[in-house]
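# when you get a sec, could you give me coordinates for this:
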Amino acid sequence: MLANIPDFNTIEKLHRAASPSEDAYNLIHCHCVVIATISWMLARRQNQLLAFKQLNLSGDFGDFADFADFADESQAAVEQIMLRQMSKINEDLKNRCDLAKSCLKELIGINPLELPKVSGGIAPSDYVDEYAAFAGGLLHDIGTYFVLAKDGSKAANGKLEFDGPNYILHGLRGYRYLIEHGFSEDAAQFARNHTGVGLTSEQVALQNLPLPAGDYIPRTVEQEIVMVADKYNSKSIPPRFLTVDTYKRKAARFGEENAKRWMCLVNKYGRPSVCKLADLFGLKVD
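Below you'll find the predicted structure:
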């Protein structure tokens, strides 16, 4: 379990404090709400897969993966089985699942168990901290408030526009902002390490990116989940959802290995129902 992850209300207040305008808040915070939702969905899927794998409900993992798509009428049973299995390993981790679900319900206004399912995915070796994934999703783009060329304020005539050349710095600026405001390294890393499908020091140098030398890649499974979730929603104006194939094309612009890395991550964590999520949030799909 990750240590020192801030509570939900603290993160919500942080967005308000960092935002220069209501329009900036609406764009960036709403994106983070979407990513927190998807991050929770991917983390929950991982935990469900592991719980059912441990129960050895099928000797054939392919059949098990199909079974784990979970019919609607079995959702309550699936929930109880997963939480019971987690309790055997770590009661605190099970409690974090309950906390994440409660916070997400407050955030989006519906029971998270009613969200569209994630399909596919591979059972992990350890259970995922669902609250850390949820909170990391809310935190990850806090730095984008600090890469606005036009911040939506009266001084900017209400115009909202990102500073394209410096946008790549949003992760690092978010990381520094969180550290400066007393947040833990565990929390701040969600801002630092979510760009693309992970940036290595070699990629930073080859692309001549204005970042200090170093790797900007997830250090925990929860950070990786947030990085993956982030690829399904764009902060374009207006914001939109992206399908697996749409992001694959984007990733390929930076090399075929990037596209392959993306598809490996999709295979690992499964596919959220992008179209159903877009309907839920009232956004379009690319």
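# pLDDT at the closest residue in space to Ile237 that isn't next to it in sequence, what is it?
In space, and not counting its chain neighbours, Ile237 is closest to Leu160: 6.5 Å by CB to CB, 6 or more residues apart in numbering. Every C-beta, even on glycine, is put in place using the N, C-alpha and C of the backbone. pLDDT recorded at Leu160 is 97.
# adjust the sequence numbering to begin at 45 for everything that follows.
Happy to do that; since the first residue is 45 now, the last one works out to Leu204.
# nearest residue to the middle of this protein?
In the chain, the residue lying closest to the centroid (CA atoms, centre = their mean) is Val270, at 2.7 Å.
# and that one, how far from Glu300?
For Val270, the distance to Glu300 equals 25 Å [CB to CB, to the nearest Å].
# and if you look at Tyr260?
20 Å.
# more crowded one of these two?
Between Tyr260 and Glu300, counted using other CB atoms under 10 Å, the more crowded position is Tyr260 (24 against 9).
# that one: what's it in contact with?
Contact analysis of Tyr260 by CB atoms under 8 Å, 6 or more residues apart in numbering lists Gly215, Leu216, Arg236, Asn237, Thr239, Gly242, Leu243, Thr244, Val248.
# neighbour-wise, which of the residues you listed leads?
Among these, Gly215 has the most neighbours (other CB under 10 Å), with 26 neighbours.
# that one against Ile186, yeah?
No: counting by CB atoms under 8 Å, Gly215 does not reach Ile186; the two are 9.7 Å apart.
# overlap in contacts of those two?
Common contacts of Gly215 and Ile186 (CB under 8 Å, 6+ apart): Ala235.
# excluding covalently adjacent residues, which one is nearest to Pro262?
Leaving aside its chain neighbours, Pro262 sits nearest to Glu268 (3.9 Å; criterion: CB to CB, 6+ apart).
# please, which helix or strand holds that neighbour?
helix 265-274 (DSSP states H and E).
# how far off centre is that helix?
Mean-position distance between helix 265-274 and its chain equals 5 Å (CA atoms, centre = their mean, to the nearest Å).
# after it, next one along is what?
Per DSSP H and E, helix 265-274 leads on to strand 277-278 as the next helix or strand towards the C-terminus.
# list of residues touching that following strand?
Contact partners of strand 277-278, identified using CB under 8 Å, 6+ apart, comprise His75, Val78, Ile79, Ile82, Pro283, Arg284, Phe285, Leu286, Leu327, Asp330.
# counting by contacts, list what the very next helix or strand once past that strand packs against.
Next helix or strand after strand 277-278 toward the C-terminus (DSSP H and E): strand 284-285. If you count contacts as 3 or more CB pairs under 8 Å, 6 or more residues apart in numbering; DSSP states H and E, strand 284-285 packs onto strand 277-278, helix 318-325, strand 328-329.
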